[in-house]
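Undergrad: My questions are about this predicted structure, shown below with the sequence.
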Amino acid sequence: MQKTFKNEKILFAEPLFQCDGLAGFTRSELYENAIHRTLRINQLKKEHNWTQEDFDIAIRCLNYEVGFVIHLSMFIPAIERLATDDQKAKWLPLAESYRILGTYAQTELGHGTNLMALETTATFDPRTDEFVLRTPQLSSMKWWPGSLGKTATHAIVLAQLIIGNKNYGMNPFMVQLRSLEDHMPLPGIIVGDIGAKLGANSNDNGFLILNDVRIPRENMLARNSKVTKDGRYIQTSTNKANYATMVLVRLSIIRWAEDTIKNGSLIAIRYSAVRRQSSLQAGGPEMQVLDYQTQQYKIFPSLAASYALFFTYEAMMKEYEIAYAQIMRGNNQLLGQIHGQLSGLKAFASDLVTYELEMCRRSCGGHGYLKASVVGETLLHTLPLVTVEGDNTVMYLQCARYLLKQIAKALAGQDVDEPTSYLKKDILSYTCPVQKGEHCTNPNYLLKIYTQRAHSAIASVARQLQFDLESGKDQSSAFNNNLVSLVQAAKAHCQLCLMKNFVESVSALERTCSENLASVLRQLCLYFGLHGIVTASGEFLESEAIGLQQLEWIKAEELKSLAAIRPNAVALVDAFDLHDQTVMSALGRYDGNAYQHLFEAAKREPMNQTQVPPAYYKYLRDLIKGQPLAKL
Ligand SMILES: CC(C)(COP(=O)(O)OP(=O)(O)OC[C@H]1O[C@@H](n2cnc3c(N)ncnc32)[C@H](O)[C@@H]1OP(=O)(O)O)[C@@H](O)C(=O)NCCC(=O)NCCSC(=O)/C=C/CC(=O)O
Ligand SMILES: Cc1cc2nc3c(=O)[nH]c(=O)nc-3n(C[C@H](O)[C@H](O)[C@H](O)COP(=O)(O)OP(=O)(O)OC[C@H]3O[C@@H](n4cnc5c(N)ncnc54)[C@H](O)[C@@H]3O)c2cc1C
C-alpha cells in the first residue's frame, strides 16, 4: 500500500522516533519533541541523501507528529502557487532552508468559512509604497493557523486589499512576525498560542493581532494580482487562483484520511485476531473475536475504506496534477472541476474515516479506551480533518454547486467534465442490472447502481431548486431550502467516485497481479460496494436505483462477503507494510503480543515510577490510620 519506506530502519533506530504514543508528555514537551523530530529527519535526509519523497514518507511514518507541518504543507506550497517568479526566487530558498519558518494565516476568530467576510485589511500607502496591515477588531485577529503561536517567523496573511476607498477582495501578503535575531514579535505584532486542543497538541496553533504593521509593496504575493507603484490594481488571473493552496491541501487530506484509517483498521483487525472472548458453543473454547459476524461487520468497513481511499487518492493526484499544470500555465479550464471534486472528496473522506475510526476503537473493548491502544489518539488526531481546509458541510455545498452546473450543461446538450459524464445519460433509460441474486457479486453492476443513485440525487435537487425558483422564491431562499438535499447529492457523487476508482483500479491491477491477489482485491471491492448500498439503502431505494428485492439480495451478499474477507483480513492490513513504530499501538503490534505490550506501556506510566503516590502522604495516610485530618 504505502510505498515501502526503505529507510525505516534508519528512522526507527533512533530513540527520538520511538516514543510509544508520546504518553505523559506535556504540551511544551510535545511541541519541542515535534520540532526536534522534523530537524532530525532533515539531518537524516542530508546524511543519507534521501529524496524529498523519502522525507515526506518519513513524516507520514510518524503520523505527521512532527514540528511546523504547516510550513511544509501550506507555507511553501502557497509561495509556489501565489508568488511571482522573482518572489519565489527570494522566499523559497529561505523557506526550504528553514531560515524562515512560515504559516498560512487566513482564518480569523470571527470567520473561517466565509473568506469574503475576512476583516483583516491591507491598505496600500502610495506615499511610502507600503501596505499597512490591520486586524481592526477582536473578531478580526487571525486565529487557528498552525505554528503561528510560538514558531513562525513569517506568515502569508490573507487580507482584504484596500486601495483608496475600494476593497479589492482577499489577497495574500508576506508578513514577518518575529525577529530573526531573537525570535521576539516585531512591533505591531501580538502573537501567541490559542491553547490546548482535543489532539495534535504538539502544534502551536496561534492567534495574531496586527496593529498597523507596514510591509513593502513587493510583499504582496503577486502571481494572480498586483498593485502598481501608483496604486493601480492589476489582476492577472482569476481571483480564485488565490484559493489554490487550499485545493492542494484538500487533496493531501484524502491521503491523510487514508493513512489514519489504515492505522485504525490495522489495530482493530490485529487485536481482534488475538483477542479471545466467550464462545458460541456452551463449554467450547473461547473464540477469536474476529470470528464474530458482528465484529467483522464493525471493522471490515475500515479495511475496505483504507483501500478505497488509497485508490481514490492515486486517481485524484493524477487529476490534480493535470489540472494544476494547466492552471500554472494560465489555463483555468479545469479549475472548477478540481475545486468541485476535491471539496467533496475531502469532506467525504474525512467523514468516512472519523466514523470508521470510532468503530475501530469500540471494537477493541475496554482496551480501546487506553491511550496505549492509540486508536483513540488516532481518532482525536483525525477529527480536525472534518473542519480544516473548509468545514465539510461547506465543502459538500461547493461540490454540489459544481454538480448543478454540470447537470445544467448536460440537460442543455453541452459537454460536461469527465467526472460527471454520467449526467449525460438518459436517467429514465436505467434498468437495475441486478435481476437475480448472483448479479450482486459483480462490482460493475454495483457501479451502475451507484451511478443511478448519484444521477437521481443531483437531478432531483436541481428540479426542486428550479421549482422553488419558479414558484417565486429568491435564489438564496431556494438554496437554503435545499441545502440538505444538496449535501446529499454531493455525498452520492463522492461515494460513486470512490466506488468507480476502486473498481477501475482493481480491474487495472488484475492485468498484472496474481489471480490470488486479484480475487482478494475483487472481494474487498465488492464488499465496499455492497456495504455502501446497505448503509445508505434509503437513498438507493428512493432513487429507484434498486428495489426491495435487490436490497434483500445485496444485504445477504454483504454478510456472505464478511466470511469471504475473514481469512485474508490480517494479511490485508499487514500489506499496509506499516512499522510498529508508525502504528505505535500496544494492541496492533506485528507480533500480536497485545497483553505484553499493554503491560509494558502501563509500566512506563509516570505514575508507576513510585510505589507510593505523593497523595498518600498528603491525604491518605492519616485517613487510613484514623488520624484526624488537618484542615484541607
Ligand atoms: C466556501 C468558499 C469556497 C466560498 O468562496 P467564495 O469566494 O465566497 O465564492 P463562491 O462560493 O461564491 O464561489 C465563487 C466561485 O469561486 C469558485 N471557487 C471557490 N473556491 C475555489 C477554490 N478553492 N478553487 C477554485 N475555485 C474556487 C467557486 O467554484 C465559484 O465558481 P463559479 O464558477 O461557480 O463562480 C470559500 O469561502 C472557502 O473556501 N471557504 C473555506 C475556507 C477554508 O478552506 N479555509 C482553510 C484555511 S487553511 C486551514 O484550514 C489549514 C489547516 C492546516 C491543517 O490542515 O492542519
Ligand atoms: C486543527 C486546526 C488547524 C487549523 N489550521 C489552520 C491554518 O493553518 N490556517 C488557517 O487559516 N486556518 C486554520 N484552521 C481553521 C479552519 O480552516 C477553520 O476552522 C475552517 O475553515 C472552518 O471555519 P470556522 O471554524 O469558521 O467554522 P464555521 O464556518 O463558523 O462553521 C460553523 C458551522 O457553521 C456551518 N456553516 C458555515 N458556513 C455555512 C454555509 N455557507 N452553509 C451552511 N453551513 C455553514 C458549518 O457547517 C459549521 O457547522 C484550522 C482549524 C483547526 C481545527
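TA: On my side now, so go ahead. Ligands and ions are numbered 1, 2, ... in the order given.

Undergrad: drop to CA atoms for contacts and neighbour counts, all remaining ones
TA: Will do.

Undergrad: What about the residue lying closest to residue 111 once chain neighbours are set aside, how many residues nearby?
TA: Counting by Cα to Cα, 6 or more residues apart in numbering, residue 118 is the residue found nearest to residue 111 once chain neighbours are left out, at 6.1 Å. Residues contacting residue 118 under the criterion other Cα atoms under 10 Å number 25.

Undergrad: Tell me the spacing between residue 118 and residue 143.
TA: Residue 118 sits 12 Å away from residue 143, going by Cα to Cα, to the nearest Å.

Undergrad: can you list the weak-confidence ranges in the protein?
TA: 1-6, 19-23 (pLDDT under 70).

Undergrad: what residues go with each domain of it?
TA: Taking automatic domain parsing as the reference, the chain has its domains at 8-67, 99-236, 245-572.

Undergrad: Same list (those) but as a markdown table, adding distance to ligand 2.
TA: As requested, the domains of the chain are exported to a markdown table (distance: least, Cα to the nearest ligand atom, whole Å):
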| stretch | distance to ligand 2 |
| --- | --- |
| domain 8-67 | 13 |
| domain 99-236 | 3 |
| domain 245-572 | 4 |
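
Undergrad: Out of these, which is closest to residue 620?
TA: domain 8-67 (24.3 Å; Cα to Cα).

Undergrad: near ligand 1 at all, that closest one?
TA: No. Judged by Cα under 6 Å from any ligand atom, domain 8-67 makes no contact with ligand 1; its nearest approach is 9.9 Å.

Undergrad: Distance from the chain centre to that domain, please.
TA: 20 Å (Cα atoms, centre = their mean, to the nearest Å).

Undergrad: what's the span of that domain from first residue to last?
TA: End-to-end distance for domain 8-67: 19 Å, by Cα to Cα.

Undergrad: again with stretch 360-380
TA: One end of stretch 360-380 sits 13 Å from the other (Cα to Cα).

Undergrad: for it, which positions count as buried?
TA: Using 16 or more other Cα atoms under 10 Å as the test for burial, stretch 360-380 gives 360-364, 367-368, 370-380.

Undergrad: burial of residue 167, as a residue count?
TA: Neighbours of residue 167 under the rule other Cα under 10 Å: 13.

Undergrad: what's the answer for residue 266, then?
TA: 33.

Undergrad: What are the buried residues along the helix or strand hosting residue 525?
TA: Element membership for residue 525, per DSSP states H and E: helix 515-535. By 16+ other Cα under 10 Å, the buried positions in helix 515-535 come out as 518, 520-534.

Undergrad: what's the answer for stretch 332-345, then?
TA: Neighbour-count burial for stretch 332-345 flags 332, 334-345 (criterion: 16+ other Cα under 10 Å).

Undergrad: That stretch near ligand 1 anywhere?
TA: Yes. Contact of stretch 332-345 with ligand 1 (Cα under 6 Å from any ligand atom) involves 335, 336, 339.

Undergrad: My guess is the second one contacts residue 402. True?
TA: Yes. Between residue 336 and residue 402 there is a contact at 7.1 Å, judged by Cα atoms under 8 Å.

Undergrad: what number of residues lie near residue 253?
TA: 24.

Undergrad: I'd like to check which residues are in contact with it.
TA: Applying Cα atoms under 8 Å, 6 or more residues apart in numbering to residue 253 gives the contacts 346, 350, 385.

Undergrad: Any chance of CSV for those residues, columns distance to residue 395?
TA: As requested, the contacts of residue 253 are arranged in CSV below (distance: Cα to Cα, whole Å):
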residue, distance to residue 395
346, 8
350, 11
385, 12
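
Undergrad: May I ask which of these has the most neighbours?
TA: Within the contacts of residue 253, residue 346 tops the neighbour count with 31 neighbours, counted by other Cα under 10 Å.

Undergrad: Look up how far residue 243 lies from that residue.
TA: Residue 346 is 15 Å from residue 243, by Cα to Cα.

Undergrad: One more: residue 435?
TA: Taking Cα to Cα, one finds residue 435 at 47 Å from residue 243.

Undergrad: Neighbour count for those two, which is higher?
TA: The neighbour comparison of residue 435 against residue 243 (other Cα under 10 Å) goes to residue 243, with 18 against 13.

Undergrad: and that one, what is it in contact with?
TA: By Cα under 8 Å, 6+ apart, residue 243 lies in contact with nothing.

Undergrad: Next: residue 185.
TA: Applying Cα under 8 Å, 6+ apart to residue 185 gives the contacts 177, 178, 179, 191.

Undergrad: tell me the phi and psi of the second one?
TA: Listed backbone geometry of residue 178 is phi -130, psi 150, with angles given as degrees, to the nearest 10.

Undergrad: ok, the closest residue to it other than its chain neighbours to ligand 1 distance?
TA: Nearest residue to residue 178 in three dimensions, chain neighbours excluded: residue 185, at 4.2 Å (Cα to Cα, 6+ apart). Distance from residue 185 to ligand 1, counting by Cα to the nearest ligand atom, to the nearest Å: 22 Å.

Undergrad: Can you get me a residue count around residue 318?
TA: Neighbours of residue 318 using other Cα under 10 Å come to 11.

Undergrad: Many thanks, have a good one.
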